[in-house]
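1. Starting from these lines, generate the structure:
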Amino acid sequence: MPLNVVGAAVAALQVAEQRGSIAACGDASCAVLYSLHYGYISVPVMALTAFVMMGLLLWEHNTSTTRSWKARA
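-> Numbers count the residues shown, from 1 in each chain. The predicted structure follows:
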């Protein structure tokens, strides 16, 4: 679970850099959109979505496993 939080934070930073909210890039341009689907889904947005979804699924699995162990006891 902690890796999902770190990955989501890095992806959110990249989304902010790409949108121009943060100017943390050196010589390379962070505003270049290499892949843009539906007008707003870029690679950092895809990564952020994946990390958030994995975190939610792991959290749901963890809470359902805990509930089943409590029901058995």
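2. gap between the residue nearest to Met1 when sequence neighbours are not counted and Ser42?
-> Leaving aside its chain neighbours, Met1 sits nearest to Leu58 (5.7 Å; criterion: Cβ to Cβ, 6 or more residues apart in numbering). (Glycine included, C-beta is placed from N, CA and C.) Distance, Leu58 to Ser42, by Cβ to Cβ, to the nearest Å: 25 Å.
3. ditto for Ala9
-> 17 Å.
4. Comparing those two, which residue is more hemmed in?
-> Ser42 (18 against 12; other Cβ atoms under 10 Å).
5. Pull out the buried residues from the one helix or strand Gln14 maps to.
-> Using DSSP states H and E, Gln14 sits in helix 2-19. Within helix 2-19, the residues that count as buried by 16 or more other Cβ atoms under 10 Å are 4, 7-8, 11-15, 17-18.
6. now that helix: mean pLDDT?
-> Mean pLDDT, helix 2-19: 89.
7. starting at the chain centroid, how far to that helix?
-> On the basis of Cα atoms, centre = their mean, to the nearest Å, helix 2-19 sits 6 Å off its chain's mean C-alpha point.
8. who does it touch, helix- and strand-wise?
-> helix 43-72 (3 or more Cβ pairs under 8 Å, 6 or more residues apart in numbering; DSSP states H and E).
9. can you give me how far the helix it packs on is from the chain middle?
-> On Cα atoms, centre = their mean, the centre of helix 43-72 falls 13 Å from the chain's centre.
10. Go through it and flag the buried ones.
-> Those buried within helix 43-72 under the rule 16+ other Cβ under 10 Å are 43-45, 47-48, 51-52, 55.
11. for the record, mean pLDDT for that helix?
-> Mean pLDDT, helix 43-72: 83.
12. Report the inter-axis angle for it versus helix 2-19.
-> 160 degrees (axes from the mean of the first three to the mean of the last three Cα atoms, to 10 degrees).
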